[in-house]
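> have a look; sequence and predicted model below, questions after that.
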Amino acid sequence: MKKLATFILAIICFQVYAQDKTLAERLGYSKSDRLLIIHADDLGMAHSENAATVAAIKNGVVNSTSIMMPCAWSTEAGEMVADMPDLDIGVHITLTNEWHTYKYAPIASKSEVPGLVGLDGFMYKDCASVAQNAIPEEVEKEMRAQIEAAIKIGIKPTHLDSHMGCVFYGRPEYVLSYLKLAEEYGIPAMMNKQIVDAVIKPNALLFKDIDVDNLILIDEVAIANPEAYDEMGMEAFYTDVLNSLNPGVTVLLNHIAYDDAEMRAITTRFTHWHAAWRQADFDFFTGQKVRDLLKNNDIKLITWKEIGKLTDKNLILSEN
């Protein structure tokens, strides 16, 4: 009995100690280290996206990606990364279909998730429409279906994240399901303090069964917006991000594809997030300048795979 009490006390002491440490320190780095995940969204969206993303991982500095399972080219993406067992690849939870002429529907049966299906038979174009029409049970069912679909094509998910942020900008129950599924599958879900403050804390009763104090929170998430594309351009924006990167863990999101006929057709009538934008992302993250910036700013690249180890309490205990 005394040994059991001692063991429990040790766990409690460790948990308090772990809470006082930054994410960087929990990963074995110092509080002042600049750690970066260079993450390419939208794998599986198109052949162009797949080919460019894989090339940017193999030949550039991109070291993380996530797959959109409802899209037509997700199966090809699974085949293209089959020879990359160490790849950091998550499931890009997809609840919307924003494109004008390129359409896809939920993975789950439409009869089971009718709130995710618009009048045209496909997903809605925006997060607001999802939040208005999709009840939490439907969204959780679709999230699970996408994770399972990724596993079936050979993907071993390293994390979850959200396409267009619809998980976070919808109903708070969506975030609850997102966290529950991440825990169930033993992988981290991309979260930061802003989401905790905006969604979880105002709905504390809803999240009563979530260990909020021990959630893995990314320090910063960086992503270009239309203003940056129009006023600075991709190279200048990413250069500024890397030169001003703060200590801690940052996820730098990008969207990589080739400016080819396929991608131009998919993104038709879009003034942003289009083929030229994605080509600019590819060019930067496969060029020499980004390598020089990482070196000159002493930025250390990490992946979700390292962060995922923190979800295993036994491993954490053994490492300390």
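Here it is on my side, so go on. Numbers count the residues shown, from 1 in each chain.
> so which residues of the protein form strands?
Using DSSP state E, the strands of the chain run over 34-43, 64-67, 89-93, 160-162, 220-223, 248-255, 299-301.
> the longest one: partners in the sheet, and parallel or antiparallel?
Think strand 34-43. When sheet partners are counted by DSSP bridges, strand 34-43 sits next to strand 64-67 (parallel), strand 248-255 (parallel), strand 299-301 (parallel).
> return the distance of the shortest one from the chain's centre.
The reference is to strand 299-301. Averaging C-alpha positions (CA atoms, centre = their mean, to the nearest Å) puts strand 299-301 18 Å from its chain's average.
> swap in stretch 167-176?
With CA atoms, centre = their mean as the basis, stretch 167-176 stands 15 Å off its chain's centre.
> okay, buried residues for it please.
Using 16 or more other CB atoms under 10 Å as the test for burial, stretch 167-176 gives V167, F168, Y169, G170, R171, E173, Y174, V175, L176. Glycine gets a C-beta too; all of them are placed from N, C-alpha and C.
> likewise stretch 284-298?
Those would be F284, F285, T286, V290, L293, L294, for stretch 284-298 by 16+ other CB under 10 Å.
> in the protein, where is pLDDT below threshold?
1-19, 312-320 (pLDDT under 70).
> go again with 50.
Counting by pLDDT under 50, the chain shows low-confidence ranges at 4-14, 16-17, 313-320.
> what sits against N192?
N192 sits next to L217, I218, D219, E220, V221 when contact means CB atoms under 8 Å, 6 or more residues apart in numbering.
> save the residues you listed as CSV, and put in distance to N246 and neighbour count too.
Listed next are these as CSV, based on distance: CB to CB, whole Å; neighbours: other CB atoms under 10 Å:
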residue, distance to N246, neighbour count
L217, 14, 16
I218, 12, 21
D219, 7, 16
E220, 6, 16
V221, 12, 19
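> and those, which is closest to I307?
Among the contacts of N192, I218 lies closest to I307 (CB to CB), at 8.4 Å.
> quickly list what that closest one is bridged to.
For I218, the beta-bridge partners are N192 (DSSP bridges).
> hmm, it is touching A24, no?
No - using CB atoms under 8 Å, I218 makes no contact with A24, being 10.8 Å away.
> overlap of the contact sets of those two?
Contacts common to I218 and A24, judged by CB under 8 Å, 6+ apart, are V249.
> Serialize the contacts of N192 to JSON lines and add fields for distance to E79.
Formatted as JSON lines, the contacts of N192 follow (distance: CB to CB, whole Å):
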{"residue": "L217", "distance to E79": "34"}
{"residue": "I218", "distance to E79": "30"}
{"residue": "D219", "distance to E79": "35"}
{"residue": "E220", "distance to E79": "34"}
{"residue": "V221", "distance to E79": "30"}
